[in-house]
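[1] Give the three-dimensional model of this entry:
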Amino acid sequence: MLLYDVRRTLTLAGPTAVFVAPEVEGWLKARTAAREVAHVVSVHSNPPGWSAGKWGEWYPDLLGSDGKLSVAKPKPYWQSGWLAQSDRLMQSLAERPERIPLVVSGDLHDIAEGYMLRSGRLDFSAKPVVTVLPGPLGTSTGGWPSEFRGVGALAPNHLDMDETLKPLEENGFLLMDFTPETVTLRYFRWNAKTDPVEAIDSLEPFRTTELRRA
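    Below is the predicted model of the structure:
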């Protein structure tokens, strides 16, 4: 599990800007390429696959006046190097044919699952990167993307995404079970607006996905 933070070391250097320090990026690529492990999961705090039009995201999409994400206008102070770094990290996951390219990350206050088929000029259709939002544990009124930003999380224009579970603005969590050949994802949800607190004690997964190594 490659657990790392982004933005802490962000730079504002245009095409060479980064979210993740170059030394950390090098370490992540080296661990991803390691052959002595069956599974590698990238777990970071800025999710690839979706955008809410915020400034500190990988993607250049901006919330338009029509309430949709758009790249028609430049996002103020957004750096193209951030997106280039995201592409490099996603490519490093997809380059290991013997593994499941899997990313689990939070911050968007959603539960979601998708397969990244393309990222810019990178074609992942033969082995899509699986990207997952595991769900927030304690978001309340006012903290959901559609309430705070005026738009729910959407796939940015830079990507082709097969959204097998479109973002849900509900509290929840994810349990992951590993065997040498598989990763099983079990998704749990609880709606603060409609579900009683007592329901948390007996939650069952509402979705189960089994990912299998090649």
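[2] in the helix or strand bottoming out on mean pLDDT in the chain, what counts as buried?
    Of all helical and strand segments in the chain, the minimum by mean pLDDT, DSSP states H and E falls on helix 145-148, at a mean of 78. In terms of neighbour count (16 or more other C-beta atoms under 10 Å), helix 145-148 has its buried residues at Pro145. C-betas here are computed from N, CA, C, even on glycine.
[3] can you pull out the strands in the protein?
    Secondary structure of the chain (DSSP state E): strands at 2-4, 41-44, 62-63, 69-70, 102-105, 111-119, 122-123, 129-134, 159-168, 171-178, 182-190, 207-212.
[4] from what I can see Thr141 touches Glu147, true?
    Yes. When contacts are counted by C-beta atoms under 8 Å, Thr141 is listed as touching Glu147 (7.0 Å).
[5] what touches both of those two?
    Common neighbours of Thr141 and Glu147, counting by C-beta atoms under 8 Å, 6 or more residues apart in numbering, are absent.
[6] how near is the residue lying farthest from the centre of the chain to Glu181?
    Within the chain, the residue lying farthest from the chain centre (C-alpha atoms, centre = their mean) is Glu198, at 30.1 Å. According to C-beta to C-beta, to the nearest Å, Glu198 and Glu181 sit 38 Å apart.
[7] Then Glu95?
    Per C-beta to C-beta, Glu95 is found 20 Å from Glu181.
[8] now swap in Phe19 and tell me
    Distance of Phe19 to Glu181, given as C-beta to C-beta: 33 Å.
[9] more crowded one of the two?
    Neighbour count, other C-beta atoms under 10 Å: between Phe19 and Glu181, Phe19 has more, with 26 against 12.
[10] who touches the longest helix anywhere in the chain?
    Ranked by residue count under DSSP state H, the longest helix found in the chain is helix 80-94. Helix 80-94 is touched from outside by 10-11, 13-20, 25, 28-29, 32-33, 40, 42, 48, 57-60, 99, 101-103, 116, 119-120, 122, 124, 127-129, 158, with contacts defined as C-beta under 8 Å, 6+ apart.
[11] tell me, what residue is most central in the protein?
    Residue closest to the chain centre, computed by C-alpha atoms, centre = their mean, is Pro47 at 3.0 Å.
[12] for the nearest residue to that residue once chain neighbours are set aside, what are its contacts?
    Of all residues not flanking Pro47 in the chain, Ser105 sits nearest, at 4.0 Å (C-beta to C-beta, 6 or more residues apart in numbering). Listed by C-beta under 8 Å, 6+ apart, the contact partners of Ser105 are 42-48, 131-133.
[13] rerun that using 7 Å as the cut-off
    43-47, 133 (C-beta atoms under 7 Å, 6 or more residues apart in numbering).
[14] Thanks again, I'm all set now.
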